[in-house]
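Colleague: Here is the input, now give the coordinates:
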Amino acid sequence: MTDFRASMIGFDITPRIHPTGGAWGTTPNLTEVDLPLLSRCLVLDQDGRRLVWFSSDLVGDPLHDTDVIRGELAAALDLSAEQVVWSTSQTHSSGALPGSVVSGSCVTAISTTDPEFIAEERKRLIDKCVAAAKEAIRMLRPAAVWAGRGFCDDVSYNTRLPMPTGGVKFSRHHLEGLQSGKYFDPTIGLIRFDDSDGKPIGMVFNFCAHPATMINDKYLSPDYVVSARQTIEAALGGAPAMFVQGFCGDVNCYHLFCKPAQARRTGTRWRDAGGRTPLVHTVGGAAVALPRLIAALLETGQEADGSVRLPPALAAYVGTDVLRAP
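Modeller: The predicted structure follows:
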C-alpha cells in the first residue's frame, strides 16, 4: 500500500524597512507595512520520494535567480534542487528580493546603498524558509487528498483593450477592460489535504490574477491574497491555505493603483472552501448598491402621503414598518 504523507505550515517573511532603502533595503518607495508578508511550506512524501514546496507573498524573479534560491534551500535541507519548488504570489507590493532586479512596482529603481543590510535580509529569508521546511518535515503524517474547483468572475479582468484604430491600450479600469472580450480564467483550483481523522492539514488554492491593487504605492502588502487566504483558512478551521498564482499574463485584479482597503475588498469576494459564498459586511456601501436600493424602496413602498412602507425583512432592523418625513 502506498505511504502518502503531508504537512503544511505558515510563517512570516516580512522584511525590515531600511531608513533610505525601504523594504529589504532594496525598494525605496516601500516604506510602510500594511500587512505582513507570509509564506507557506507544503511537504509531500510518498514512498520515500519527497517534495518541499514554498509559496510566498513575493514578486517573482527571473528563472536563473529562482534556481539560485532553490539550490540554496535544497543544500540546507539535504535535498536535490528538483525536490524544491519555489513559487510566488506575484504581489506587486512585496519589493525586490535582495539580489533581484525585479521590484514588481511601476517604480523600478532598486537601491544598493547598504549591501550589508540587504545581505542580512536575504539570509533572514532563507533561514526562515529552512526552519519552516524542517518543522514541516517533522510534522509529516498520513494524508488523504481531495480536489475541487470554484469560480469567481468578479475579481479579475484582462487589461489589454483593443482600440478601434488598431493596437491595444492598457486598461486601468475593470469595467472598461471587460468590454474587450479578452479571455481571463475565473476558475479557483482547490487541493485539500486531510489527516487520518479527517481534519484539514492544509489547502492549495490556485487563481489567475496579478495582485497589483497597490502597484504604485508605499505599502508592503500581500494585496488581495491575504483576505482570500483568510477566507479559506476560516473555512478550514484555521488550517493553513497556500496561494499558487496561475498563468496571469495580462490578467489583473479588480482594482489597480488603489489602496489597502480595495485590496482586502477584492479578496473577500472569494468563495470559501465549502462552496458557499459568505456574506461580507463592509463599510462604505461596498456590499450593497445603496442608491439603487433606495430607489427600489421608493418605487415599491411610497404611499400617497409621501411615507414609505418598508418590507417586513427590513422593518425588523429599522424598528418601524413606515418611514415618514420629520
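Colleague: quick one, what contacts Gly319?
Modeller: Gly319 makes contact with no residue, according to Cβ atoms under 8 Å, 6 or more residues apart in numbering. Where C-beta positions appear, they are placed from N, C-alpha and C, glycine not excepted.
Colleague: Neighbours of Thr20, how many?
Modeller: Per other Cβ atoms under 10 Å, the neighbour tally for Thr20 reads 11.
Colleague: separation between it and Gly306?
Modeller: Distance check for Thr20 against Gly306: by Cβ to Cβ, to the nearest Å, it reads 63 Å.
Colleague: Any figure for the gap between the most centrally placed residue in the chain and Ile201?
Modeller: Taking Cα atoms, centre = their mean as the criterion, Val225 is the residue nearest the geometric centre of the chain, at 1.2 Å. Val225 sits 20 Å away from Ile201, going by Cβ to Cβ.
Colleague: Also Gln46?
Modeller: 15 Å.
Colleague: how about the helix or strand where Phe11 lies: buried residues?
Modeller: Element membership for Phe11, per DSSP states H and E: strand 4-12. By neighbour count with 16 or more other Cβ atoms under 10 Å, strand 4-12 contains the buried residues Arg5, Ala6, Ser7, Met8, Ile9, Gly10, Phe11.
Colleague: From what I see, the fifth one and Ala136 are in contact.
Modeller: Yes. With contact defined as Cβ atoms under 8 Å, Ile9 reaches Ala136; the gap is 5.0 Å.
Colleague: Going along the chain, name the helices of the stretch 51-200 of the chain.
Modeller: For the stretch 51-200 of the chain, the helices defined by DSSP state H, counting those that start in this stretch cover 63-77, 115-138, 174-178.
Colleague: could you redo the ones you listed as JSON lines and give each row distance to Ala315 and mean neighbour count?
Modeller: Output for the helices of the stretch 51-200 of the chain, formatted as JSON lines (distance: least, Cβ to Cβ, whole Å; neighbours: other Cβ atoms under 10 Å):
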{"stretch": "helix 63-77", "distance to Ala315": "59", "mean neighbour count": "16"}
{"stretch": "helix 115-138", "distance to Ala315": "53", "mean neighbour count": "17"}
{"stretch": "helix 174-178", "distance to Ala315": "34", "mean neighbour count": "17"}
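Colleague: And the ones you listed: which comes nearest Ser221?
Modeller: Closest to Ser221 of those is helix 115-138 (Cβ to Cβ; 17.0 Å).
Colleague: That closest one versus strand 4-12: what angle between them?
Modeller: Counting by axes from the mean of the first three to the mean of the last three Cα atoms, to 10 degrees, helix 115-138 lies at 150 degrees to strand 4-12.
Colleague: Show me the domain layout of the chain.
Modeller: 4-267, 290-323 (automatic domain parsing).
Colleague: Lowest average confidence across the ones you listed, which one?
Modeller: Out of the domains of the chain, domain 290-323 stands lowest, with a mean of 79 (criterion: mean pLDDT).
Colleague: Any buried residues in that one, and which?
Modeller: For domain 290-323, by 16+ other Cβ under 10 Å, it's Leu297, Gly301, Val308, Leu310, Leu323.
Colleague: For Ala316, see how far away the closest residue to the first one other than its chain neighbours is.
Modeller: It stands for Leu297. Leaving aside its chain neighbours, Leu297 sits nearest to Val308 (6.0 Å; criterion: Cβ to Cβ, 6 or more residues apart in numbering). According to Cβ to Cβ, Val308 and Ala316 sit 16 Å apart.
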